[in-house]
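Peer 1: predicted model and sequence below, questions to follow.
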Amino acid sequence: MSKITGDAFNVGLLKRVFQYVKPYRGIFIWSVVLTILLALIAPVRPFLIKYTLDNYILTSAYGGLVNMTVLMVLLLVLQSIIQYSHTLLTNTLGQSAIRDLRINVFNHITRLRLKYFDKTPIGQLITRTVSDLETISDIFSEGLIVIIGDILQVIAIIVFMVYSDWELTIIVLLPMPLLIMATSIFQKAIKSAFQQIRTEVSNLNTFLQEHITGISIIQYFAREKQEYNKFEKINSRYRDANIRSNWYYSIFFPVVEIISAMSMGLLVWYGAKSILAKPLNVTPGTIAEFLMFISMLFRPIRELADKFNTLQMGMVGAERVFKVLDTDEVTLNDGSYTPEKMKGSIKFDKVWFAYNDDNYVLKDISFEVQAGQTVALVGATGAGKSSTINILNRFYEIQKGKIMVDGTDIHAYELNYLRKNIATVLQDVFLFSDTIFNNITLNNPSIGMEEVVDAAKKVGAHDFIERLPSGYQYNVMERGATLSAGQAQLISFIRALVYNPSILVLDEATSSVDTETEMLIQHAIENLMTGRTSIVIAHRLSTIQKADQIIVLDKGEIKEKGTHQELLKIDGYYKKLYDLQFNSVGITN
C-alpha cells in the first residue's frame, strides 16, 4: 500500500486519489482551464492601472480615462465570473469524487470479517469515513488545483514585473528569501500540528461513540463524573492541538506582513529616488503597478504554505482511508453454487477453529444434522457454542477440517446465498432507528406487508405491534430504545421468519425475555422449526428437551451427544447441568 513517508510527497498515492476523478474528467479539465485563466488575468489589472495613470490621468486625457475605466470594470466582472465558476467546479469535483470514495469505503467496511471489528474501534472507522474523507476533498477544492493556480499566478506576476521594470523587480524581491525561509519553517510546524489534530479527532470520536452507546452502564454505576474527567482530558488534548496550530498561524501571518512591508518600503525608497532623479527612470504609474503586484505576489505565497499543508493533510487522510480499503480481511466470495432449494443438512468434519493464532476455541468438532432436524448446543460460557454458529455463516474461517451443507463444502456456495438461507436470532437484538416494518424486512423490496403481518401473527407479536402508535410504521428509535427486550426479541423472530430460511439459528434467543413472553415464543419456535434444520443454543435446558440431538461442549470439545433422555442416563456433563438448573430448586425430571 502507498504510504507518506516523512516530508516526501507520494505521487503514487495522489494518482490513486485521482482515479476517482476519471468519471468527472470534463469538470477537472474545465477547472484546470479556469485556473490558468485566473493566473493570466490577475496581473493584467495592475498593468492597466499603470497605463491609465501614466497616459491618461497625468495628462488629463478624460476620454481615454473613461475607456480604460470601462475596460477595467469589464475585466473585473470577467475575473469574478471565472473565479465563481472555478470555485464551484473545484468544490463539485471534490465532493463528487469523495461521494464515490465514501460509497466504496462503506461498501468495503460492510464486507469485512467480524474479526476486523473485534480489534478496530468503531469510532476510528467513523473518522475514516467522515472527517478523513473530507480532508481528501480539500485536495481538489483547496489543495492541488489551487496550488497550481497560485504558482502560475506568481510566475505571471513576476513576468509582468520584469517586463515593466527589471531593476525595480530585483529591488522589491530582495526580502523574498526571508519569506521562503519563514514559509518552510511554518509548513513543517503546521503539518505536525495538523497531524496531531487528526489523531485527537479520531480519539474523540472513538470515545464518544463508545460511551454514548454504553451510556446505560455509565448511569447504572453512577460513573458520570469519572467518565466526564476522562472526556475532559481527551477534549483538552484536542483543544491544545488546535491552539498549537493557531499559534503557528498567529506568528507566520505577521511575519509575512512585515516582509511584505519591507518590499513596499524598498519600492517607495527606490521609486521616490528614481522619480526625483533626472531624467525620470520610474513613472508614478509604475509605482502604483508595483504596489499592487507586491500585494498580489505575497498573498498566494503566504497562502501556499497553508495550502501545501491542506494538500498534505488530504494525503494523510487518503493514506488512512486507503489503508481501510486495502484491508484484506474480507471473506472471499469465490463460490458460485446456488441450488434452487437448500435442504439444510449440516455436517462438521474434524473442525478446528481459533480467533487468534493457535489458541483454538473449537477442537476436532464433528457432528451431523439431517435436514429438518433440531440440534441443541449446550455448555458453559466460553465452551464454543456461538463460535460454531459464526463459522457456519463464514463470519470467521476455520483453520482445519470441513463444514458441509447438503453435502457441499460451504466455501463452494455463493456467500450471500449461503447467509440468506441461514437466519439467526441473537440474544442481543439489534434494531435500527427505523420503523418496525423496515427493521423486519431490512428494506428488502421483495417482502411485502402481508408477509410481515402473517409472520407476526405466527410469532404472536401482531397484537402488540397493532397497539403501538402507527403500528408497523412505528419508529423504534436507536437500537430499539422504545421497545422492551421481549418486544425487540419478537421483532427479531419475525425478521427471521419472513426470510424463509432453510437453516434457523437461535442463539440464546429466549434468555432476554420474561417467562410470559418466553411461553408466547415457545409455541412460535415450534412452528418456525417445522420443516427447517434448527440449531439452538440455550442455557435454559427446558427449551431444548425435544431436540433430535443435544451436543455438550466443554472448552471447545464435544463431550457428549445424544437426546435428552439418553444424556440423562449417561450421568455426565449434561446430567450435571440439568441437575444444577432443576434439582437444585426442587424440580425433578
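Peer 2: Perfect, thanks for sending it. Numbering: from 1, shown residues only.
Peer 1: looking at this, residue 375 is in a strand?
Peer 2: Yes: the assignment for residue 375 by DSSP: H, G, I helix; E, B strand; the rest coil puts it in a strand.
Peer 1: how many neighbours does it have?
Peer 2: 22 (other CB atoms under 10 Å). C-beta: built from backbone N, CA, C; applies to glycine.
Peer 1: C-alpha coordinates for stretch 221-240, PDB please?
Peer 2: The C-alpha coordinates for stretch 221-240 follow below in PDB (Å, rounded to 0.1, in the frame of the first residue of the first chain):
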ATOM      1  CA  PHE A 221     -23.000   2.500  38.100                       C
ATOM      2  CA  ALA A 222     -23.000   6.300  38.600                       C
ATOM      3  CA  ARG A 223     -19.800   6.800  36.700                       C
ATOM      4  CA  GLU A 224     -20.800  10.100  35.100                       C
ATOM      5  CA  LYS A 225     -18.100  12.100  37.000                       C
ATOM      6  CA  GLN A 226     -15.300   9.700  36.200                       C
ATOM      7  CA  GLU A 227     -16.200   9.500  32.500                       C
ATOM      8  CA  TYR A 228     -16.500  13.300  32.400                       C
ATOM      9  CA  ASN A 229     -12.900  13.600  33.700                       C
ATOM     10  CA  LYS A 230     -11.700  11.200  31.000                       C
ATOM     11  CA  PHE A 231     -13.500  13.100  28.300                       C
ATOM     12  CA  GLU A 232     -12.200  16.400  29.600                       C
ATOM     13  CA  LYS A 233      -8.600  15.200  29.200                       C
ATOM     14  CA  ILE A 234      -9.200  14.000  25.600                       C
ATOM     15  CA  ASN A 235     -11.100  17.200  24.800                       C
ATOM     16  CA  SER A 236      -8.300  19.200  26.300                       C
ATOM     17  CA  ARG A 237      -5.700  17.500  24.100                       C
ATOM     18  CA  TYR A 238      -7.800  18.300  21.100                       C
ATOM     19  CA  ARG A 239      -8.100  21.900  22.200                       C
ATOM     20  CA  ASP A 240      -4.400  22.100  22.800                       C
END
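Peer 1: what's the pLDDT at the residue nearest the centre of the chain?
Peer 2: By CA atoms, centre = their mean, the mean C-alpha position of the chain lies nearest to residue 129, the distance being 1.8 Å. pLDDT recorded at residue 129 is 81.
Peer 1: now the one 10 residues further on
Peer 2: Residue 139 carries a pLDDT score of 79 in this model.
Peer 1: how far away from the center of its chain is stretch 47-64?
Peer 2: 59 Å (CA atoms, centre = their mean, to the nearest Å).
Peer 1: if you could redo that for stretch 241-255, that was the one I meant.
Peer 2: 30 Å.
Peer 1: also stretch 33-46?
Peer 2: On CA atoms, centre = their mean, the centre of stretch 33-46 falls 38 Å from the chain's centre.
Peer 1: can you pull the contacts of the closest residue in space to residue 52 that isn't next to it in sequence?
Peer 2: Spatially, and ignoring its direct neighbours in sequence, residue 52 is nearest to residue 68 (4.3 Å; CB to CB, 6 or more residues apart in numbering). Contacts here follow CB atoms under 8 Å, 6 or more residues apart in numbering; on that basis residue 68 touches 48, 51-52, 56.
Peer 1: let's go with 10 Å and repeat that
Peer 2: 48-49, 51-53, 55-57, 61 (CB atoms under 10 Å, 6 or more residues apart in numbering).
Peer 1: how much space between it and residue 450?
Peer 2: 78 Å (CB to CB, to the nearest Å).
Peer 1: of the contacts of residue 68, buried ones?
Peer 2: 48-49, 52-53, 56-57 (16 or more other CB atoms under 10 Å).
Peer 1: wait, a strand at residue 342?
Peer 2: No: according to three-state DSSP, the state of residue 342 is coil, so it is not within a strand.
Peer 1: just checking, it touches residue 413?
Peer 2: Yes: using CB atoms under 10 Å, residue 342 is in contact with residue 413, at 8.5 Å.
Peer 1: find residues that contact each of these two.
Peer 2: By CB under 10 Å, 6+ apart, the residues touching both residue 342 and residue 413 are 405-406, 421.
Peer 1: tally of neighbours for residue 152?
Peer 2: Residue 152: 18 neighbours (other CB under 10 Å).
Peer 1: show me the contacts for it.
Peer 2: By CB under 10 Å, 6+ apart, the neighbours of residue 152 are 35-40, 42, 300.
Peer 1: ok, which pair from these is furthest apart?
Peer 2: The span of the contacts of residue 152, defined through CB to CB, is set by 37 and 300 at 15.5 Å.
Peer 1: output the below-cut-off pLDDT ranges for the stretch 451-589 of the chain.
Peer 2: Filtered on pLDDT under 70, the stretch 451-589 of the chain yields the residue ranges 509-521, 523-524, 527, 539-543, 581-589.
Peer 1: which residues in it form helices?
Peer 2: 462-467, 485-498, 515-529, 564-570, 573-581 (DSSP state H, counting those that start in this stretch).
Peer 1: among the ones you listed, which is the most enclosed?
Peer 2: Of all the helices of the stretch 451-589 of the chain, helix 485-498 carries the top mean neighbour count, a mean of 23, counting by mean count of other CB atoms under 10 Å.
Peer 1: for it, packing partners?
Peer 2: Here helix 485-498 touches strand 422-425, helix 436-441, helix 449-459, helix 462-467, strand 503-507, helix 515-529, going by 3 or more CB pairs under 10 Å, 6 or more residues apart in numbering; DSSP states H and E.
Peer 1: okay, the angle between that helix and helix 449-459?
Peer 2: Put simply, helix 485-498 runs at 120 degrees to helix 449-459, going by axes from the mean of the first three to the mean of the last three CA atoms, to 10 degrees.
Peer 1: how about the contacts made by residue 46?
Peer 2: 157, 160-161, 164, 285-286, 288-296.
Peer 1: buried subset of those?
Peer 2: 157, 160-161, 164, 285-286, 288-294, 296.
Peer 1: just these: which are in strands?
Peer 2: Among these, none falls in strands (DSSP state E).
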